[in-house]
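1. starting from these lines, generate the structure:
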Amino acid sequence: MQLLTPTNRDLIAANLFTEALKRGELWVPPDITGCADVLLSAIHSIAVSRHLPMTVHVATGNGDKECWRVAQAIENFPYDTQASISDAAFSAGLILAVACDYRVTEPDALFSYHGSPRKDGREDDREKAAWFAARTTLPEAEWAEMAESGEEVRFGAEQALEWGVVHEID
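-> Residues are numbered from 1 along each chain as shown. As a prediction, this is how the structure comes out:
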């Protein structure tokens, strides 16, 4: 008997996602492009049904500008939030992780920060740098310099700890 089939895979994944929400765990998919509304509903579901902290599991490599709406919901969550970072927190994943009150990473996790690929996005880059600086120990000028370079900056868990991107390596 084959438990996972093309016809039941999505149903099983949705059931597991829902069960995790009941425990206060939000599992962020590897690519959050186009799923901000689902994540926002999930965060609201945890806030309404539980009066306990929320753990945000991040192994995310991609997303879109809508991740900022999700980050704001995490920041405004009425109880403590903790990011549990495994594998990668690239781009949107880094934003969602840093939105949490406390951040723990696995030792081999990788992180990625970048600015806007468009020249007209420089104002966004400055706002983004200020946002990161307010939540980490790295000064705003250094976040801004990395963003304005236009290059993706990848770093590991030790650098993330040094910059205050995470609070603990587990």
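
2. so the residue most central in space within the chain: helix, strand or coil?
-> Centroid-nearest residue in the chain: Leu96, 2.4 Å away (criterion: C-alpha atoms, centre = their mean). What DSSP: H, G, I helix; E, B strand; the rest coil gives for Leu96 is helix.

3. how close does it sit to Ala133?
-> Per C-beta to C-beta, to the nearest Å, Leu96 is found 17 Å from Ala133. C-beta: built from backbone N, CA, C; applies to glycine.

4. what about the spatially closest residue to Gly164 that is not a sequence neighbour, neighbour count?
-> Residue nearest to Gly164 in three dimensions, not counting chain neighbours: Thr137, with 3.3 Å by C-beta to C-beta, 6 or more residues apart in numbering. Number of residues near Thr137 (other C-beta atoms under 10 Å) recorded here: 10.

5. got the contact list for Thr137?
-> With contact taken as C-beta atoms under 8 Å, 6 or more residues apart in numbering, Thr137 is in contact with Glu162, Trp163, Gly164.

6. going through these, which ones are buried?
-> Buried members of these, counted by 16 or more other C-beta atoms under 10 Å: Trp163.

7. of all the contacts of Thr137, which comes closest to Glu151?
-> Nearest to Glu151 among the contacts of Thr137: Trp163, at 16.9 Å, using C-beta to C-beta.

8. for the closest one, give me phi and psi.
-> phi -80, psi 0 (degrees, to the nearest 10).
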